[in-house]
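In: structure, please.
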Amino acid sequence: MIDGVIALYIFMLAAFTGYEVISRVPVILHTPLMSGSNFVHGIVLVGAMVALATADSTLARVIGSIGVFLAAGNAVGGYVVTERMLRMFVSAGKKQERRP
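Out: As a prediction, the model looks like this:
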């Protein structure tokens with residue numbers, strides 16, 4: 001099994017790398033990038049559920065539960081952003097038909 005300090009180091013390195021990569025993406029590309037990466041959120045959710053299922057201690061269960069909660073929120077948020085983006089491309093006539 002991986003040591004806690006090494007796992008923390010990998011997590012911090014991944015967080016820093018992700019922040020640096022995303023911060024360099026132009027603003028105009030953020031929404032298409034999010035909509036194109038929704039499948040990654042699903043993989044993260046499955047990984048968090050596997051980690052929760054194999055948890056041995058209470059601390060591991062708490063961290064796994066937080067991971068599942070955050071991964072699910074991330075996946076749902078990605079689809080919400082995609083829906084908002086797709087609504088921007090609906091023609092003006094269809095927009096008025098959809099409003100109640």
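In: measure A15 to V21 for me?
Out: A15 sits 11 Å away from V21, going by CB to CB, to the nearest Å. (C-beta placed from N, C-alpha, C; glycine too.)
In: report pLDDT for the closest residue to S65 other than its chain neighbours.
Out: In space, and not counting its chain neighbours, S65 is closest to L52: 6.2 Å by CB to CB, 6 or more residues apart in numbering. According to the prediction, L52 has pLDDT 88.
In: list the residues that contact L52.
Out: Going by CB atoms under 8 Å, 6 or more residues apart in numbering, L52 touches 61, 64-65, 67-68.
In: buried stuff in the helix or strand F39 falls within?
Out: Assigned by DSSP states H and E, F39 belongs to helix 38-53. Neighbour-count burial for helix 38-53 flags 38, 41, 44-45, 48, 51-52 (criterion: 16 or more other CB atoms under 10 Å).
In: then stretch 73-86?
Out: 74-75, 78, 81-82.
In: out of the buried residues of helix 38-53, who's nearest L86?
Out: Of all the buried residues of helix 38-53, N38 has the smallest distance to L86: 12.5 Å, by CB to CB.
In: name the nearest residue to the closest one, ignoring sequence neighbours.
Out: G78 (4.3 Å).
In: what is the mean pLDDT for the lengthiest helix in the chain?
Out: Assignment by DSSP state H gives helix 58-87 as the longest helix of the chain. The average pLDDT within helix 58-87 is 84.
In: name the helices or strands packed onto that helix?
Out: The criterion is 3 or more CB pairs under 8 Å, 6 or more residues apart in numbering; DSSP states H and E, and the helices and strands that helix 58-87 contacts are helix 30-36, helix 38-53.
In: how far out from the middle of the chain is stretch 48-65?
Out: 19 Å (CA atoms, centre = their mean, to the nearest Å).
In: ugh, wrong one, I meant stretch 4-13
Out: For stretch 4-13, the distance to the chain centre is 19 Å (CA atoms, centre = their mean).
In: next one: stretch 51-70
Out: 17 Å.
In: now do stretch 58-73
Out: 14 Å.
In: please save the CA atoms from it in PDB.
Out: Provided in PDB are the C-alpha atoms of stretch 58-73 (Å, rounded to 0.1, in the frame of the first residue of the first chain):
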ATOM      1  CA  THR A  58     -13.100   5.500  10.100                       C
ATOM      2  CA  LEU A  59     -10.800   8.200   8.800                       C
ATOM      3  CA  ALA A  60     -10.500   6.400   5.500                       C
ATOM      4  CA  ARG A  61     -14.300   6.100   5.300                       C
ATOM      5  CA  VAL A  62     -14.800   9.800   6.100                       C
ATOM      6  CA  ILE A  63     -12.200  10.800   3.500                       C
ATOM      7  CA  GLY A  64     -13.800   8.400   1.000                       C
ATOM      8  CA  SER A  65     -17.300   9.800   1.700                       C
ATOM      9  CA  ILE A  66     -16.000  13.300   1.100                       C
ATOM     10  CA  GLY A  67     -14.400  12.200  -2.100                       C
ATOM     11  CA  VAL A  68     -17.600  10.600  -3.300                       C
ATOM     12  CA  PHE A  69     -19.600  13.700  -2.500                       C
ATOM     13  CA  LEU A  70     -17.200  16.100  -4.200                       C
ATOM     14  CA  ALA A  71     -16.800  13.800  -7.300                       C
ATOM     15  CA  ALA A  72     -20.600  13.600  -7.600                       C
ATOM     16  CA  GLY A  73     -20.900  17.400  -7.300                       C
END
